[in-house]
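>>> this one's sequence-less:
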């Protein structure tokens, strides 16, 4: 079903992992996709995968830490497709580590991309979203609710996105823009695979056993696949999800233990 036919979607961090899965999933539902990321080769690969399947997509290589990136992405989207209907703020990874080891640069970089990059792009896209009764989804993370000792930067950034979601949801009531946030827990991405490989080496166990140990340590049922996050996002921005507004949606296998 082409439930997103004629809709234009911007997906940040779209060259790999969750962002790529979201872009592919929404393209399969008929949307015009504007993918943005820093890695040009991976970005072009994702665009080619969409267009090879009959979808419509363009890639914009950009670093959202730079103030000029957001207006350039918005301009490219409107020039290519004439409108912006949906914005998926997915870009951004933060450094894990003990608090005393985290540097000023680690904190600055964590907020520069995932938080301020999302703020700038949402701000520049907002008038276009207002004109179309559009939707914004922030991809935050379970660390915003349940930060651990190794996730001081990431937890703080994610918590800021949760607060921003609630604030913009109220503004969205005025402007007719749906605003929500998705909080993934561990997802099978290259970054997680690196953590699992490190755990396997530290414990001198096979990869399958490392995964079992990881699930036990995190006290979760399973590791999610990127396609599962993409399916949730598709529901939120599709016609069946319009009652979701200002929602902070956990999809984390039980990572979040708080109410």
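Now that the structure is in, tell me what you want to look at. In this text the structure is predicted, and so the values were computed from the model without any measurement.

>>> most remote residue from this protein's center?
Using Cα atoms, centre = their mean, the residue of the chain lying farthest from its centre is residue 204. It sits 33.1 Å away.

>>> Relative to residue 210, how far out is it?
Distance from residue 204 to residue 210, counting by Cβ to Cβ, to the nearest Å: 10 Å. No exception for glycine: its C-beta is placed from N, CA and C like everyone else's.

>>> Could you do residue 192 as well?
11 Å.

>>> the more surrounded of those two?
residue 210 (20 against 16; other Cβ atoms under 10 Å).

>>> Do you have the helices of the stretch 51-200 of the chain handy? List them.
69-81, 104-110, 117-132, 152-175, 190-203 (DSSP state H, counting those that start in this stretch).

>>> Enumerate every residue touching the closest residue to residue 107 other than its chain neighbours.
Nearest-residue entry for residue 107: residue 153, 5.8 Å, with adjacent residues in sequence omitted and distances by Cβ to Cβ, 6 or more residues apart in numbering. Neighbour list for residue 153: 94-97, 102, 106-107, 110 [criterion: Cβ atoms under 8 Å, 6 or more residues apart in numbering].

>>> Mind pulling up the pLDDT for residue 153?
According to the prediction, residue 153 has pLDDT 96.

>>> for residue 93, same thing?
86.

>>> Identify the residue spatially nearest to it, adjacent ones excluded.
Nearest residue to residue 93 in three dimensions, chain neighbours excluded: residue 191, at 6.6 Å (Cβ to Cβ, 6+ apart).

>>> Pretty sure that neighbour sits against residue 13.
No: at 11.7 Å, residue 191 does not count as touching residue 13 under the criterion of Cβ atoms under 8 Å.

>>> just to revisit the earlier point, can you tell me how far the residue farthest from the centre of the chain is from residue 84?
51 Å.

>>> Residue 155 too?
Taken as Cβ to Cβ, the span from residue 155 to residue 84 is 30 Å.

>>> Who has more neighbours out of these two?
residue 84 (25 against 21).

>>> So which residue is dead centre in the chain?
residue 90 (2.2 Å).

>>> For that one, give its distance to residue 136.
Distance, residue 90 to residue 136, by Cβ to Cβ: 12 Å.

>>> repeat for residue 170
The gap separating residue 170 from residue 136 is 13 Å, by Cβ to Cβ.

>>> which of the two has more neighbours?
residue 136 (26 against 11).

>>> Now do the same contact list for that one.
86-87, 89, 122, 125, 129, 168, 172, 177-180.

>>> quick check, nearest of these to residue 226?
Nearest to residue 226 among those: residue 89, at 16.1 Å, using Cβ to Cβ.

>>> Do I have it right that that closest one meets residue 12?
Yes: checked against Cβ under 8 Å, the pair residue 89 and residue 12 is within contact range at 5.7 Å.

>>> Residues in contact with both of these two, list them for me.
With Cβ under 8 Å, 6+ apart, residue 89 and residue 12 have common neighbours 117-118, 121.

>>> Could you export these as JSON lines, including distance to residue 59?
Below are the shared contacts of residue 89 and residue 12 laid out as JSON lines (distance: Cβ to Cβ, whole Å):
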{"residue": "117", "distance to residue 59": "17"}
{"residue": "118", "distance to residue 59": "19"}
{"residue": "121", "distance to residue 59": "15"}
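
>>> Make sure residue 36 is indeed in a strand.
Yes: counting by DSSP: H, G, I helix; E, B strand; the rest coil, residue 36 falls inside a strand.
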